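*Asks:* fold the following, please.
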Amino acid sequence: MSFNISMSRTIWITGLSGSGKSTLSDKVVYLLRNKGMPVIHLDGDQLRNVFGLSGDSKKNHTIDSRTFLAMQYARLCQMISSQGMTVVISTISMFNEVHNWNRINIQNYIEVFLKVPLKELRRRDPKGIYHRYDAGKLKNVAGLDLLVDEPKTPDWLFDFNLDKQYTVEYMANKIIKNL
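*Replies:* Numbers count the residues shown, from 1 in each chain. The predicted structure follows:
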């Protein structure tokens, strides 16, 4: 897929907790800004705080609340990109209805899926989510007891089951090169 570097777009980076979404989005934003592009950077954890839904509360992490929040993110991305800005968002938000809505309603929507094996996610576990889940201290964990949908047709799939050597630089440059 090829895009004009000067047009606005939404780059939606998704994957389970610990997959590297924030790290990759940071690098993509850095590269785009170095090219002189105005970019709005949105991160799911920060957006949860903005919308008042941070913390481990059960009500904040149910399938319904996660879907509702993902649709809020999608509408925000649509609004910002419709004003000529490029948006890079990193969020789990793995629901087919959200991905489908994005494809229909956001011009120049680019979906990036980081597919990382659960064993590797548990090893990384930067927020201690998998450890707390295993200890019975946390519920409603996406990909464990909370079912999510892997994107059906991502524009970019980085499948760590196939290639464990993906680097942030490689993925970011691949995305930027093909805009």
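
*Asks:* give the bridge partners for F158, please.
*Replies:* As for beta bridges, F158 partners with L114 under DSSP bridges.

*Asks:* ok, residues contacting the worst-scoring helix or strand of the chain on mean pLDDT?
*Replies:* Least confident helix or strand of the chain, by mean pLDDT, DSSP states H and E, is helix 44-50 with a mean of 86. Residues from elsewhere that reach helix 44-50, judged by Cβ atoms under 8 Å, 6 or more residues apart in numbering: 21-22, 54, 60, 69, 72-73, 76, 89-93. In this view, the C-beta of every residue, glycine as well, is placed from N, C-alpha and C.

*Asks:* cutoff 7 Å now
*Replies:* The contact list for helix 44-50 (Cβ atoms under 7 Å, 6 or more residues apart in numbering) reads 54, 73, 90-93.

*Asks:* dump the C-alpha coordinates for it into PDB.
*Replies:* Only the C-alpha atoms of helix 44-50 are listed here, as PDB (Å, rounded to 0.1, in the frame of the first residue of the first chain):
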ATOM      1  CA  GLY A  44      -4.100   4.200  24.700                       C
ATOM      2  CA  ASP A  45      -2.800   4.400  28.300                       C
ATOM      3  CA  GLN A  46      -2.800   8.200  28.100                       C
ATOM      4  CA  LEU A  47      -6.200   8.300  26.400                       C
ATOM      5  CA  ARG A  48      -7.600   6.200  29.200                       C
ATOM      6  CA  ASN A  49      -6.500   8.900  31.600                       C
ATOM      7  CA  VAL A  50      -7.900  11.700  29.500                       C
END
